[in-house]
Structures are given as structure tokens and as C-alpha cells.
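# Quick one, what's the 3D model for this:
(chains A and B)
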Amino acid sequence: KQEVTQIPAALSVPEGENLVLNCSFTDSAIYNLQWFRQDPGKGLTSLLLIQSSQREQTSGRLNASLDKSSGRSTLYIAASQPGDSATYLCAVGYSGGSNYKLTFGKGTLLTVNP
Amino acid sequence: AAGVIQSPRHLIKEKRETATLKCYPIPRHDTVYWYQQGPGQDPQFLISFYEKMQSDKGSIPDRFSAQQFSDYHSELNMSSLELGDSALYFCASSLRQGGDTEAFFGQGTRLTVV
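Sure thing, here's the model as predicted:
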């Protein structure tokens, strides 16, 4: 069974700081890994998708890396802004039998203080 | 580009009532997934369908049922609602194609049971 862990559970930083969110998974036989952003009570916004054959993906101030062999991914946010405050969820896509399954971590609650 | 459409966006029901949530996948996507996210929790997988057949089952209560129709839209039927069913329900869709599969999420339906 795939288990996904995110560290830290919560993070509070001053505006402008660079930060790293961590995600680990137990089964390295994955198809892909996806980072989502979720504002309170809102839907899931997909930030970055990394296929298993890739090492990293970048979008603006966001950079996600994947080390499949060690079961780890990091989301790097550069020059954080108060608008980045949200919960960040990591989700691992893998083969559950013959079906594609997506398992989420519990998220990191990020607060960026002005 | 067309996204996953869920309806309704918000729903308020009383205990013991029945609710039906609808999901319209991205055109040409053949797989639909349902997730439940309780307050402060990560999304939990409920059930998925591929080509109108149930393909996987997660932690879905027996009071819930779901199906995928010929036009690939899906409905989640919830009966004998309990207070604990109050949650955000997400639908996602994908095109089943092995390692390049990516799940796209709708904005969710917020169900409140009173």
C-alpha cells in the first residue's frame, strides 16, 4: 500500500523567503507525482506534475524535484508572497493492480507573513 | 480547455436524506475517480470507473453507490446521510494510458449534512 508523508505539517515564513516543502512515499514504483495547492474550503489547483522519468519541473517561482529511488519529492517556492499562503498537497500516481491510483499526503499548511 | 465539471457546487441536506452528486469528465476521458475530503483531512479515494465499469474501490461506505453512464459522466449517490458525511467531494478524470496518466480534478461539491 502506497503511503505519502508530507513534512512539515505547517510552516510560517516571512514574505520574500525561499522555502522547501517535502513529500515522501513508500513505494517507488510510481507513474508520476503531482503537487496541488488548496485554499481553505476550496478545490484543488494543480501546480506541477512530474512523470516518473523526469527529475524536476518548473513553473514560475515553483520548482518540484523527484527522486524516485529514494521516494522523495520537494517543492521549492522562491521569493514567497502572502498570496502563496495555502495548503500544499502532494499526490502520488501509481499502479494499484491494473488501475491508476492517486494517493495524497496530508498536506503542508503554509503561511507567508507580510 | 474544458475541465472537469461537478454539480452542484454546494448542497445542504438533512440527516437520513439522500444526495446525488454529478461529475462530467473532460471530453474523451474514460476514467472517473471520486474522492472525499473531510474538514482538515486529505482527500480519500472512494471509487473509480473505467469505461463505465467499476475499476477500483476505496473507503466508500455501503450507503454510497456510484456509476458511470454511457456519456462517461458519473454520479455518486449517498443515502441515509449522516453528519459525518459533511465533506468536500471531488471528482477527477483521466485518459487511461499507462504511465502518462494524469488525473484532472473538478472544483468539488461541498456537502453539508445538518
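# what are the ranges of the helices in chain A?
Counting by DSSP state H, chain A has no helices at all.
# can you tell me which residues contact the nearest residue in space to residue A:59 that is not next to it in sequence?
The spatially closest residue to residue A:59, leaving aside those adjacent along the chain, is residue A:48, at 5.7 Å (CB to CB, 6 or more residues apart in numbering or on different chains). Yep, even glycine has a C-beta here, placed from its N, CA and C like the rest. Counting by CB atoms under 8 Å, 6 or more residues apart in numbering or on different chains, residue A:48 makes contact with A:34, A:35, A:57, A:58, A:59, A:62, A:64, A:75.
# filter those residues to the buried ones?
A:34, A:35, A:57, A:62, A:64, A:75 (16 or more other CB atoms under 10 Å in any protein chain shown).
# Just the local confidence number for residue 47, please.
Unless you meant another one, I'm taking chain A. With respect to pLDDT, residue A:47 scores 95.
# oops, chain B please
Listed pLDDT for residue B:47 reads 94.
# any bit of stretch B:10-28 sitting next to chain A?
No. Stretch B:10-28 stays clear of chain A (CB under 8 Å from any CB of the partner chain), getting no nearer than 10.4 Å.
# Run a quick neighbour tally on the residue in chain A that chain B sits nearest to.
Nearest to chain B, among the residues of chain A, is residue A:43, at 3.8 Å (CB to the nearest CB). Neighbours of residue A:43 under the rule other CB atoms under 10 Å in any protein chain shown: 20.
# which one is it nearest to, not counting chain neighbours?
Per CB to CB, 6+ apart, closest to residue A:43 is residue B:107, 3.8 Å.
# That concludes my questions; thank you for your assistance.
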